[in-house]
Every structure is written in structure tokens, then in C-alpha cells.
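[1] quick one, what's the 3D model for this:
(one chain, ligands or ions: 3)
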Amino acid sequence: MSHVTPIRFAPTDLDAMAGAEGRVAVLLTPEGKMDPAARRANRLTRGALARLAEAESFAKAESGTVISLGWPAGMAAEALDVVVVDRKADADVLRRAGAKLAASMNGKALSLFAGNQRRAERLAEGIALRAYAFDAHKTGDKDAGAPGAVTLMHSRHEEIEAAAAPLLAVAEGVHMTRDLVNEPANVLTTTEFAARLEAMRELGLEVEVLDEDQLAELGMRTLLSVGQGSDSPSKVVVMQWKGGEADAAPLALVGKGVVFDAGGISLKPAAGMEDMTMDMGGAGVVAGTMCALARRKAKANVVGLVGLVENMPSGRASRPGDVVRSMKGDTVEIINTDAEGRLVLCDVMWYAQERFKPAGMVDLATLTGAIIIGLGHEKAGVFSNDDAFCGAFLKAAEATGEGAWRMPLGKAYDDMLKSRIADMKNVGGRPAGSITAAQFLARFVKDETPWIHLDIAGVALVKEGTELAPKGATGWGVRALDRLVRQRYEAE
Ligand code: BES
Ligand code: MN
Ligand code: ZN
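    Residues are numbered from 1 along each chain as shown. Ligands and ions are numbered 1, 2, ... in the order given. So this is what the prediction gives:
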């Protein structure tokens, strides 16, 4: 598993500042105004903070900047981190400042003297999100960026701990998603994935695992066709969180969980194929979101469904030209076995609607390379049949700083899926590849279901660290979905 640091909340102890090891962090306004902790640090360092505040460069420092003073005289710490925050600093600025502190820890302890309650909560959230390293498979030197112990000090530390708890619960959900997405495919097989989801029963989730016989019984032949070339058995896992009114229709979250996408008989080129261990990113976000909702005991009904398969070439694999029947009953001509995500999702989405009659459905998938061409690694593609539902999601994503951009749907794109011999084909050609993929899914959405499709191929994994995540899996979407649930399904 990953290396995650729990944050300890403790009463402010200014007397301990001089002897604190590792790093010490204090807050300072852009005008150089000091709180008692900053004043203490200033006194210990014989005026270092005051000199910093007078420096010309400091006047230009933006709110949220962290300035590190190395080996401060008069202190045992190896660095004094000065966090510049103005009075107006919002959640986003504070979260990013916290993340900067976490990013520079290098395995050392951090003692943060945290200012007022609102600031302390958001700084803690930022630290928690960034203080993550996936070093499960390193035997020697652990990741140099791994976080050390964090102590957040405040006079009302118990109140702050309680207030920060839901934020830290969601950060744990983000970490769960990252763990799943970072894990290689020989470790995270379909069976192992299902086992990790079953372990979430401990959090109060109801978890069911459907095996291949049950999926065949249900008629999920498009999903099964994807996994039939692999030695790992296909599975669908259903996770239910019942925190709302007993009769309230749930929100359904559906995730693509292709534990490895070799492309099948339409084999992918060798270069970069190793990245296809992350092709279960949609299922990873669904799992992490369910984890977050259960940990913070959300007052809403949410059901998460993931289709777990492996797309491999073999003598048993499906071929280009095969025709398969979906659970809905529509037939699909498989033109390209590498367009497998939609074949998995269409059956799980249909099952979700038939069984749960959801109030809304969001599917997440690392579905197309084309979305990376369109939006890069900055924003996920958003497709929807419902302006109000879509608007609520986009607002939530904006608030959590998770990039998202709405894309169009329409009949002309749907027409590109016409097949000569079946009801539809599984690819629509190169133009508008992400849209025709979404259009394929739209055929499996009932008129009465408000639906959002999130193509997260570009945002699930990054080659360079971002402000809130080290390089690798980001956990994109967990916080936005959690916020969507909070705003739209939890009546307080
Ligand atoms: N898993 C891939 C999409 C993908 C590509 C995710 C790059 C992350 C990074 C998906 O199954 C796929 O292979 N899509 C094809 C579709 C094509 C065959 C119509 C693609 O995008 O090339
Ligand atoms: Mn593929
Ligand atoms: Zn795929």
C-alpha cells in the first residue's frame, strides 16, 4: 500500500517550537502581520521573519506562497516554512498552501502552527491530499518525497480535528483511488480488485460481487466478451451506501474497471502499453468516492457499480467482426476489440438502471485517447443529457479545482455508429472519437435517467506531480463527486 501520514492535532505549545525537529511552519500575512506563533518564531530567529516581511520580494509574494528559511538560527528545525496568507485566502488557496508544505517534507516531521479554525481545516486538507507516496513496491530507499509525521497545533485542536474530519475522510477516499490506479495489473487482478472492495464492508457499505455465471444469467454478454480472452475472471461489484431516506432513489456511480487493456486481438502498440494498468481508473474513482461517503457518513443513498475485466489477446478472445448481444438486447458489431470500455459500461449502466431506478447516473471511464488530444491532462470530458445535472457537477468540479469541460452530443454523431449487420458498431471512426464513444453509451441510458459521462483518460494519471498530487494517479473526481452528493442529495 501507499505511504500516507495521519495528521495529529495537538494543543499549541510555543515552548516546544525551539526544539522541534524537522520542519516548523507558521503563517504570516502579506503585510507582515504576525500571530503569536509567528512572533515566537521571529523572536527565536532574532527577527528573521520581520526581515523577510520587509524584503522587496516579499511584497510581491502571492497569498498561498510558502517561503522556506533553511536551518534557522535559534531553532533545532532544519527549515522554517513561512506560509503567506492574506485575510481573504479562500479554501483553494489554503488547500494549495497545505499541499506545498506536504510536498517539501521529504520524509521529515512537520509542526504546523495553524492560525484560525477555517485556515487550519483547509491547510490540513491540502496536507492530507498531497502527503501521499506509492512506495509499496520499492524495497530499498523509499520514495524521497514520502511524507513524515504531521502535527497541526491549535489552541482549540479538538474542535479543529472534528471540523476537519469529513475533509480528511474524503482525502482517504482520494488515496484509495490512487492506490488502486497505481497498482500494477499483476497485483490488481479482477479478483484482487473485488477483494479490496469487499474489504470496504468494514466501513458500513453493502458489497456484492457478481461472478461470470451470474453475469451470463443477467445477459451481460458485451461485458463478458471483453474479458473472455483473459485468465482473470470478469466480475461486477455493487457497493451500496444507504445514508439517506429509505425510499429515496439513489445516485448511481458506474466505473470502467479494465485492470489491463492490451487492446485484445486489436493489440495496442508496445510503446506506452504499460500505462494501461490505469485503465480501471473509472472504477477506482467510484471505489474511492464510496469510501469517502462511507467514512464521512454521508446522509445520502449512493450505489457504486464497477465492471472488472481484463482485455487480453488469446485463442478465446473476441475477434473484430464478432457480434454480441448486450443485456439491454441491442446487438453490437465489434469492429475494434480495443474499444472495450464502452462494451463493459453499457451492460453495467443498463443493470444499474434496471435494478436501482437511480435519481441520476454518473459513469466514469478512461475511455478514449481522443479526449487527451482534445483536452490534454487538464480537464476531463463531460457529456450529459441533462443541463441542470451537468451544471451541478461542473460547479462542484470548479469548487474542488478538478478540471472538467462539457462536450457535445447529437444525432449526427450517433449516426456514425450504424452497422451493416448489427444494431450498432463499437467504433465510429477517428473523427470525434470521444463523442462517438459517449454516443455509444447514450444508447444505453433510459430517457428518464439524468446522466453524466466523464471521460477521465487524460486526468486519471499524470507524468508530473500536480499541486495536490505527486506524479502518478491523481484521484481526480473523488472530491467533485463527493461535493455533488453533498450539494444535491444531502438535505440538511
Ligand atoms: N483505454 C483506452 C483509452 C485510453 C488511451 C486511456 C490512453 C488512457 C490513455 C481505450 O480502451 C481505447 O483503447 N480506446 C481507443 C478507442 C479506439 C479503438 C476507437 C483509443 O482511444 O484509441
Ligand atoms: Mn482499449
Ligand atoms: Zn481501455
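[2] please name the residues that touch the closest residue to G22 other than its chain neighbours.
    Computed as Cβ to Cβ, 6 or more residues apart in numbering, the closest residue to G22 that is not its neighbour in sequence is A109, at 3.3 Å. Heads up, the C-betas are built off the backbone N, CA and C, glycines and all. Residues near A109 by Cβ atoms under 8 Å, 6 or more residues apart in numbering: A20, E21, G22, R23, G148, A149, V150, T151.
[3] if we go to 10 Å?
    By Cβ atoms under 10 Å, 6 or more residues apart in numbering, A109 lies in contact with T5, A20, E21, G22, R23, V24, A77, P147, G148, A149, V150, T151.
[4] which among the residues you listed end up buried?
    Listed as buried from those are T5, A20, G22, R23, V24, A77, P147, G148, A149, V150, T151; burial here means 16 or more other Cβ atoms under 10 Å.
[5] checking the last one next. Helix, strand or coil?
    Meaning T151. strand (DSSP: H, G, I helix; E, B strand; the rest coil).
[6] quick check: it touching E21?
    No. Counting by Cβ atoms under 10 Å, T151 does not reach E21; the two are 11.0 Å apart.
[7] among the buried ones among the contacts of A109, which two are most distant?
    T5 and A77 (17.5 Å; Cβ to Cβ).
[8] what sits against the nearest residue to R479 once chain neighbours are set aside?
    Counting by Cβ to Cβ, 6+ apart, T400 is the residue found nearest to R479 once chain neighbours are left out, at 4.0 Å. Applying Cβ under 10 Å, 6+ apart to T400 gives the contacts 91-92, 95, 170, 468, 476-484.
[9] the residue of the stretch 251-400 of the chain found nearest ligand 2: how many residues sit nearby?
    Per Cβ to the ion, D338 is where the stretch 251-400 of the chain lies closest to ligand 2, at 3.9 Å. Using other Cβ atoms under 10 Å, D338 has 21 other residues around it.
[10] pLDDT wise, what is it at?
    D338 is assigned 98 on the pLDDT scale.
[11] what distance do you get for it to ligand 1?
    When distance is defined by Cβ to the nearest ligand atom, to the nearest Å, D338 is 4 Å away from ligand 1.
[12] mind checking the SS state of that residue?
    Quick answer, by three-state DSSP: D338 is coil.
[13] helix or strand with the lowest mean pLDDT in this protein?
    One helix or strand of the chain scores below all others by mean pLDDT, DSSP states H and E: strand 3-4, with a mean of 65.
[14] following element in sequence after it, please.
    With elements assigned by DSSP states H and E, the helix or strand that comes after strand 3-4 is strand 7-10.
[15] okay, and for the stretch 351-492 of the chain, where does confidence drop off?
    Scanning the stretch 351-492 of the chain for pLDDT under 70 picks out 492.
[16] got the residue ranges for the helices in it?
    Residue ranges of the helices in the stretch 351-492 of the chain, as given by DSSP state H, counting those that start in this stretch, are 370-375, 387-400, 411-415, 433-442, 478-488.
[17] give me every residue in this protein lying close to ligand 2.
    D261, D338, E340 (Cβ under 5 Å from the ion).
[18] excluding residues flanking it in the chain, which one is nearest the second one?
    Counting by Cβ to Cβ, 6+ apart, D338 lies nearest to G263, which is 3.9 Å off, once chain neighbours are set aside.
[19] pretty sure that neighbour is touching G272, no?
    No. Taking contacts as Cβ under 10 Å, G263 lies outside contact range of G272: 11.6 Å.
[20] who's more crowded, those two?
    Counted by other Cβ under 10 Å, G263 and G272 do not tie: G263 has more neighbours, with 18 against 9.
[21] tell me the secondary structure at the more buried one.
    Recorded secondary structure, G263: coil (three-state DSSP).
[22] can you give me the pLDDT of the residue in the stretch 151-300 of the chain that ligand 3 sits nearest to?
    Using Cβ to the ion, the single residue of the stretch 151-300 of the chain nearest to ligand 3 is D261, 3.7 Å away. D261 carries a pLDDT score of 99 in this model.
[23] that one and ligand 1, how far apart?
    With Cβ to the nearest ligand atom as the criterion, D261 and ligand 1 are 5 Å apart.
[24] which residues does that residue contact?
    185, 226, 268, 273, 275-280, 309-312, 338, 340-341, 366.
[25] same thing but at 8 Å, please
    With contact set as Cβ under 8 Å, 6+ apart, D261 has these partners: K268, M276, D279, N311, D338, E340, G341.
[26] dump those into CSV; add secondary structure as well.
    Below are these laid out as CSV (three-state DSSP):
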residue, secondary structure
K268, coil
M276, helix
D279, coil
N311, strand
D338, coil
E340, coil
G341, helix
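[27] could I get those residues as CSV with distance to ligand 3?
    Shown next, in CSV, are these (distance: Cβ to the ion, whole Å):
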residue, distance to ligand 3
K268, 9
M276, 7
D279, 4
N311, 6
D338, 7
E340, 6
G341, 5
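[28] buried ones among the contacts of T400?
    Buried among these by 16+ other Cβ under 10 Å: 91-92, 95, 170, 468, 476-484.
[29] from the residues you listed, pick the one nearest T45.
    Closest to T45, out of all of these and judged by Cβ to Cβ, is R95, at 27.6 Å.
[30] hang on, that closest one packs against R122?
    Yes. With contact defined as Cβ atoms under 8 Å, R95 counts as touching R122 (5.3 Å).
[31] which bits of the chain sit near ligand 1?
    Residues of the chain found near ligand 1 (Cβ under 6 Å from any ligand atom) are 261, 279, 336, 338-341, 366, 368-370, 427, 433, 457.
[32] where does P184 sit: helix, strand or coil?
    Applying three-state DSSP to P184 yields a three-state assignment of coil.
[33] just the helices in the stretch 1-150 of the chain please.
    For the stretch 1-150 of the chain, applying DSSP H, counting those that start in this stretch gives helices covering 36-44, 48-54, 56-59, 91-103, 117-130.
[34] mean pLDDT lowest where, among those helices?
    Comparing mean pLDDT across these, the lowest value falls on helix 56-59: a mean of 88.
[35] return that helix as PDB; C-alpha atoms alone will do.
    Listed next in PDB are the C-alpha coordinates belonging to helix 56-59 (Å, rounded to 0.1, in the frame of the first residue of the first chain):
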ATOM      1  CA  GLU A  56      11.100  43.700  -1.600                       C
ATOM      2  CA  SER A  57      10.400  40.300  -3.000                       C
ATOM      3  CA  PHE A  58       8.100  39.500  -0.100                       C
ATOM      4  CA  ALA A  59       5.800  42.400  -1.100                       C
END
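[36] just the contacts of T400 now: which is nearest ligand 1?
    W476 (12.6 Å; Cβ to the nearest ligand atom).
[37] spit out the contact partners of that closest one.
    W476 sits next to V285, A380, E402, I456, V459, A460 when contact means Cβ under 8 Å, 6+ apart.
[38] same check on W71?
    W71 sits next to E78, A79 when contact means Cβ under 8 Å, 6+ apart.
[39] same check, this time on G22
    Going by Cβ under 8 Å, 6+ apart, G22 touches A77, E78, M105, K108, A109, L110, S111, G148, A149.
[40] domain-wise, how is the protein divided?
    3-155, 172-488 (automatic domain parsing).
[41] could you look over those and pick the most buried one?
    Of all the domains of the chain, domain 172-488 has the most neighbours on average by mean count of other Cβ atoms under 10 Å, namely a mean of 21.
[42] end to end, how far does that domain reach?
    End-to-end distance of domain 172-488 (Cα to Cα, to the nearest Å): 22 Å.
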